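Engineer: starting from these lines, generate the structure:
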Amino acid sequence: MVQTSVPELYEDEQHSVVEIRTDSLQTLRELGPPDLVHLVKQPVKSTTKQIGVYHHVTGVDASSSASLAAYINTLTYQPHDKQNKVISGLYCCYNAFSRVDMRVQVQIPGTVESYCVDERGNKLEATEEHWLETYLCSVLRAYSYADNGSGDTIKRIIGVRRFNPITSTEQEHKFLEAAEKLFFSGWQLGSDPEIQVPNLVSNHLTSGLLHYIKTSGRYMSGVNLFEKLRMRDPEVASLLARVYMMGDEEVKAVKLLHDVIEELPMDYSLLDCQAEFCNRKGRSDMALDIAKRSVIAAPSEFGTWARLAEIYVGMEEWDLALLTLNSCPMFTYQDKDAPRLPEPARISLPLAPETMCDEIDDAGATPEVDTVHPTLRRLAAGNYKGTFHKAYVLLTEITKKIGWDQLLRIRSQVFVMEEEYRNEKQHAPSGSRNASTVALRGRETPQPNGHGEPLEEDHRDSEDMIQSEADSEATDLQANGEPSAASSHLDPDVSKPTHTITVRSGDETPQPQPPDNDPSHQQYTQFQHKRLCERWLDNLFMVLYEDLRIYTIWRTEASQYRQQQLAYKKSAEEWEILGELAERLHHPEEAVEAWQSCLSMRFSPKAMRGVLDLYERKSDGRNQLGALIRLVAWQYRWYSEFSPDLLYIMRRLIEEEGAVKCTTKRITSVLVPCRRTPDMPPSPDPEQDGRSSKRQRSSLTNSDMAQLNHADPVAEDVLDIVPDGDVLLDLGGLAGVQKEVSLRVSGRVISLASPVLRDKLYQATGAAKNEYPRRLSVKDEGGDAMLLISNIIHLRNDKLPPRLPAEMLYNLAILSEKLKCGIAVSRAASPWFDRLFNAPAQVYVDMCRIIEATMLLDEPIFFARFTARWMMNEPLDGKFAVPPTAHFRMKTLSRQLQQRRQSHIQALRADLDLLVDCCSLAFAKPAEHYIDYAPGMLPDPDDQGRTGALCRVDEGAATLYLGALRDERIWPATVWRPTLGEIVEAIKTFGIPEYDDCDKCEFCEGVKAKFSLAVTMLKSMHASRMWGLCLDCFRTEGGMNSGECRYEHAKPRN
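Structural biologist: Got it, this is the predicted structure:
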């Protein structure tokens, strides 16, 4: 079996990660963090120095000390680190039942010691009961910390190895036996964030069991387990019914729920399961009464109220849905027990050789400040979790069905608006029925869009308690007069974003609205009949509006660019955010469009996961399997061998397509690994990975190159760009091919893309009009660049390499300018520039040529980035190296770069004057004063003639800050570092030293506060400053574009 590489986080000598983990035990709430593996290494040639390294792991068998010691033993041989050897290891695994940390200490070679540590740090003896609990917790943690395929969990915690905890039927029996023994203690482990109080059937143990059963498809094992547990407690029937439904045995599930609810009529878990089933089957009328009873049984649980709101949405009772949503109890989201360790001294993330594949390389995924528009970064809905996330999903479902305008209208009908509150807050409440319990009472005749007759005042007896509590709550709120809780911050007249949501309520055409005098329309006209909108729901309306606004702007711009036949360009991370935005607003087609645009620039697991969902909905087995292969390969690349969601999709695909068919598709969808030169190490560290510069790529694919090299030498070597092309382009040669090659292309396409080729083609056909296919010699041009251009203009994206060396990209830019087809080539060049920009620092890039390439291909973003990189990395006294034969535009560029760098240096001197000026105030003569006396005032002498002491608080702070600036080589300019980037980075990471100014008097200048403000302001200025050049301004005579530049930057005012 192939093993993943082992990540290594080097321990800081001043902070022991084991001691920090021990100190954090008392702060753990639920399942605990992933297991910690700490190794002690020492150099092979020295025994005096020792190094501490560690990583995290989930899914290792923690049923005994022997299994954990065996895992440590597998880490003793590491082929990527032959200079050190492992002399000891410690495995830490948290037991959430007993609240102890189980530890196994292994000396290599030597003994094995197992013990446990409690929350106080006391060392205790490990018992068999402890190991049983620890094993169950480790399996549950493996599912809890597993990634869903999007990569978010993997990126959040660095250096975690993930294994499948259950890989055989023996391990399954072991897990289910442990779960059966400890089932009735499962509430101690906590629960999902939507559950307020963990109970017997709602906790992390039951969630893990259901997750395993769904992933593996072992429904009978789950049925057997819950049948035995139901004999001891009938509440377990709700879990058994859910397993029956998973296994497509709904008749058994319905009968079971019917029988058990007769015995336990107010068990909210059973009622919620029954309501969910009825609603899923389209019987919202039956689900409604069940959901109401579930809310009465558990009024403090979010899930019951959310289910009722979901049913009202299905019944198109929009007003009751909003009232129910407003009544949901919201809980603060409690995140998982992530490791709380200090920053490691160094990180090593070695990659296995088989994971070096271009198709899953997301090296360009490092976010830059200028790659994402600030409005996209500020979208708050993507950060919602727990109850707020589910409430937002319900709100977006309503908006999708009825539209933004209709939502605002209904909102103003059922909730107290700010103007109404101001007008009515002094009036005493009437004795009419309050709307607090309208959601539970409902109406006799439900109608779409919230129109209907009020319910008569019958059947009050069963709800007198709820009615009285709601009336008293509303009366108290009105009497207290709290406009902050009652006011609505979003005016109902806010216009909706244009043409994003159509107003529909179940029919294809909107229904006419009832007139104002319609009695059914008067239900919420009186102030006393309305509800106070909760502040959190009010905020959700604001967040939803912002989402709709950004979505509308995106779709409008895309439509305009499409009409003008222009390329709509965004960065890869922006496409990711736009895809998530469209998904949140229930626009799956637009979400997939954004994710595919992201994938065309670089690999993104989040985007690929979204595209996989589309393939799953369309039952596209081949593409579904291809996406799965790439996601699994990316997960394996980053040490994860276990993703329950991907396993579930794979299992479903095999059930639908068959194992043989999936195997055949897998062979045809296999990834092509990177071609590597012999001098490259088999498993490099990403920090030392210079493969981009060592790889000599051809513009041909593997199959094309093999076909040409093994072809008959007598036969004509033709590479088909278009199989039915009518023109042959004769090339001088291709890299990796030892013969001349011709390209079969479409004459119409090359004529439209390049006027130069169109003219040559016309001249060539004048001499031999009857020749077919027509031949055009381009042997004077670079063969590889010509092949790339041919594939680009014929939209053969599958033939384009994911990476392109800087030299090849420069040749492509030169040829595209010569052929006058730069607009078509620039469409494909953006991801190549992006990969070069994010390549490791060791990869050599000729900055002069790559900047010229960005100019020729009209890439304003990368022109600004690469010029900024030259500005930052070149020594202050260095010059932009331009060959003597270079174009005059490069000499102009060299001159402007020198001028811009000088202006940056002058600006830095002025920036530092802000800091120094704060400190100079303390030494100025006018600031000199005695303690508690204003400057210029002399205190009265005492009996001995002493006049007191001068106040030195500001002078001490100024001296400390100026010394810190000099120590960091920020000030004065004579101690600056050699490059502009090092100076700016030093300012960015500068930490203000602590200074106690508690003795200051009211006449002090406040140097500490002023200096802190100046540092913050200076860092903000540097973050927004454009360090490179603007392409539009560079091309404008005078160096300043009067219009709007494509790269946003500040311009001096005239």
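Engineer: burial check on the residue lying closest to H373 once chain neighbours are set aside, number of neighbours?
Structural biologist: In space, H373 comes closest to E574 once its chain neighbours are excluded; the distance is 6.5 Å by CB to CB, 6 or more residues apart in numbering. For the C-beta atoms, the positions are set from N, CA and C on the backbone; glycine is no exception. The tally of other residues near E574 (other CB atoms under 10 Å) stands at 19.
Engineer: what about E574, distance to W595?
Structural biologist: Remark: distance between E574 and W595 (CB to CB, to the nearest Å) = 12 Å.
Engineer: likewise for A910?
Structural biologist: Going from A910 to W595 by CB to CB gives 45 Å.
Engineer: comparing those two, which shows the higher neighbour count?
Structural biologist: Taking neighbours as other CB under 10 Å, A910 and W595 compare with W595 leading, 27 against 9.
Engineer: can you tell me which residues contact that one?
Structural biologist: Applying CB atoms under 8 Å, 6 or more residues apart in numbering to W595 gives the contacts W575, E576, G579, S604, K606, A607, M608, G610, V611.
Engineer: average pLDDT for the helix or strand it falls within, rounded please.
Structural biologist: Under the criterion of DSSP states H and E, W595 resides in helix 588-601. In this model, helix 588-601 carries a mean pLDDT of 92.
Engineer: show me what counts as buried in that helix.
Structural biologist: Neighbour counts using 16 or more other CB atoms under 10 Å place E590, A591, V592, E593, A594, W595, Q596, S597, C598, L599, S600, M601 of helix 588-601 among the buried residues.
Engineer: immediately after the worst-scoring helix or strand of the chain on mean pLDDT, which helix or strand?
Structural biologist: Lowest on mean pLDDT, DSSP states H and E among the helices and strands of the chain sits helix 483-486, with a mean of 33. On the C-terminal side of helix 483-486, the closest following helix or strand by DSSP H and E is helix 535-563.
Engineer: I'd like to know which elements that following helix is packed against.
Structural biologist: In terms of contacts (3 or more CB pairs under 8 Å, 6 or more residues apart in numbering; DSSP states H and E), helix 535-563 is packed against helix 386-402, helix 404-414, helix 572-584.
Engineer: correct me if wrong: E180 contacts E227.
Structural biologist: No - contact criterion CB atoms under 8 Å: E180 and E227 do not qualify, at 11.1 Å.
Engineer: show me how far the strand ranked longest in the chain is from its chain's centre.
Structural biologist: Longest among the strand segments of the chain by residue count, using DSSP state E, is strand 84-95. How far strand 84-95 lies from its chain's middle: 32 Å, per CA atoms, centre = their mean, to the nearest Å.
Engineer: how is the chain partitioned into domains?
Structural biologist: Domains of the chain are assigned by automatic domain parsing as 1-166, 698-839, 897-1035.
Engineer: now tabulate those domains in JSON lines and tack on distance to Y392 and mean pLDDT.
Structural biologist: Compiled in JSON lines, the domains of the chain are given as follows (distance: least, CB to CB, whole Å; pLDDT from 0 to 100):
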{"stretch": "domain 1-166", "distance to Y392": "18", "mean pLDDT": "89"}
{"stretch": "domain 698-839", "distance to Y392": "32", "mean pLDDT": "79"}
{"stretch": "domain 897-1035", "distance to Y392": "31", "mean pLDDT": "88"}
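Engineer: out of these, which is closest to Q188?
Structural biologist: Closest to Q188 of these is domain 1-166 (CB to CB; 5.9 Å).
Engineer: three-state assignment of V254?
Structural biologist: helix (DSSP: H, G, I helix; E, B strand; the rest coil).
Engineer: next, count neighbours for the residue nearest to it when sequence neighbours are not counted.
Structural biologist: If the residues on either side of it in the chain are set aside, V254 comes closest to F277, at 7.1 Å by CB to CB, 6+ apart. By other CB under 10 Å, 20 other residues sit near F277.
Engineer: so F277 sits against M245, correct?
Structural biologist: Yes - contact criterion CB under 8 Å: F277 and M245 qualify, at 6.8 Å.
Engineer: helices of the stretch 1-150 of the chain, start to end?
Structural biologist: Secondary structure of the stretch 1-150 of the chain by DSSP state H, counting those that start in this stretch: the helices cover 17-23, 65-74, 128-144.
Engineer: and the longest one, what's buried?
Structural biologist: Of the residues in helix 128-144, 130-144 count as buried by neighbour count, 16+ other CB under 10 Å.
Engineer: what angle separates it from strand 84-95?
Structural biologist: Counting by axes from the mean of the first three to the mean of the last three CA atoms, to 10 degrees, helix 128-144 points 100 degrees away from the direction of strand 84-95.
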